[in-house]
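Participant: The sequence and its predicted three-dimensional model are supplied below.
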Amino acid sequence: MRLPRLYLPQDLADGQSLQLASGHSHYLCRVLRLKTGQPLELFNGNDRCWPATLLRADPRAAELQLGESRPCESESPLDITLVQALARGERMDYALQKSCELGARRIVLLHTQRSEVKLEGKRLDNRLRHWQEVLIHAAQQSGRCRVPELEPPQSLSEWLARRDAKALALMMHPQAEALSTARIRQVPAIEILVGPEGGFSNEEVDMLQAAGIQAVRFGPRILRTETAGPALIAVLQALAGDWLA
């Protein structure tokens, strides 16, 4: 049986006794239905994880006893950033969830000309909280010890002004040349740009290529916006990550 895992973004220490807040307590005791004495695993994003035992199965204030931490071995050596145009509803959730499971270290959200989703104010805040929860649950389920960084929506020009110039940036485009694998093993970081449901506009493609972003075609078929990023991450992990190690 798979060991239940819980992400706690706080300092943790070997041998620590810990009382959980009501939200985490409810998750362990009501959602996962853990009982007193059952084991679980904690992580806080610092590349270590802690075995723990549920001392008190109280859905309002559960208590845990932590054991000795161990290094996390589930993070890929590839530094992958998904730069994802906003998409609707479950499509966005899917792209974030699967990219986390496949090992992306950070996710940047984009406003693009053809994006059908327009978010601001309270609605944006609510969606960011929801997407953060999607990433946390994906990290818990997949055995990761990091939750990918999530950057709020920004324009292409804003992203270009602050992107990592040393990273290999790949723009998914159905009319481009096929992906060459020669450079993948030689770069310190990789950025994957995925457009919205209607793709990047011609103006955006020109802007990105002028900035040195490499347009690539990923196979003979056109992938949906929620499929493209995870699919390319999977290929990169097989080529130069930890899948075939």
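Facilitator: Sure thing, it's come through.
Participant: counting contacts, what elements does whichever helix in the chain runs longest pack onto?
Facilitator: Longest helix in the chain by number of residues, with DSSP state H as the criterion: helix 121-142. Helices and strands touching helix 121-142, by 3 or more Cβ pairs under 8 Å, 6 or more residues apart in numbering; DSSP states H and E, are strand 5-7, helix 89-102, strand 149-155. For glycine as for every other residue, the C-beta is placed from the backbone atoms N, C-alpha and C.
Participant: And those: which comes nearest residue 20?
Facilitator: Residue 20 lies closest to strand 5-7 among those, at 8.3 Å (Cβ to Cβ).
Participant: what packs against that closest one?
Facilitator: Secondary elements touching strand 5-7 (3+ Cβ pairs under 8 Å, 6+ apart): strand 39-43, helix 121-142.
Participant: Identify whichever of these lies nearest to residue 80.
Facilitator: helix 121-142 (14.1 Å).
Participant: and for that closest one, what are the contacting residues?
Facilitator: 5-7, 43, 74, 92-93, 96-98, 100-101, 107, 119, 144-148, 150, 152-153 (Cβ atoms under 8 Å, 6 or more residues apart in numbering).
Participant: of these, buried ones?
Facilitator: By neighbour count, with 16 or more other Cβ atoms under 10 Å, the contacts of helix 121-142 hold 5-7, 43, 92-93, 96-98, 100-101, 107, 119, 144-148, 150, 153 as buried.
Participant: Out of the helices and strands packed on strand 5-7, which is the most enclosed?
Facilitator: strand 39-43 (a mean of 19; mean count of other Cβ atoms under 10 Å).
Participant: Would you give the sheet partners of it, along with the direction of each?
Facilitator: strand 5-7 (parallel), strand 48-56 (antiparallel) (DSSP bridges).
Participant: what angle do that strand and helix 121-142 make?
Facilitator: 130 degrees (axes from the mean of the first three to the mean of the last three Cα atoms, to 10 degrees).
Participant: related to what we said a few turns ago, residue 28 is nearest to which of the helices and strands packed on helix 121-142?
Facilitator: That would be strand 5-7 among the helices and strands packed on helix 121-142, by Cβ to Cβ, at 6.8 Å.
Participant: Pull the distance from that closest one to the chain's centre.
Facilitator: 15 Å (Cα atoms, centre = their mean, to the nearest Å).
Participant: what does that strand rub up against?
Facilitator: Contacts for strand 5-7 (Cβ under 8 Å, 6+ apart): 24, 27-28, 40-45, 49, 136, 139-141, 143, 147.
Participant: does residue 215 count as helix, strand or coil?
Facilitator: strand (DSSP: H, G, I helix; E, B strand; the rest coil).
Participant: picking that back up, looking at the helices and strands packed on strand 5-7, which is nearest to residue 68?
Facilitator: strand 39-43 (12.2 Å).
Participant: If anything else comes up later, I'll come back, but that's it for now.
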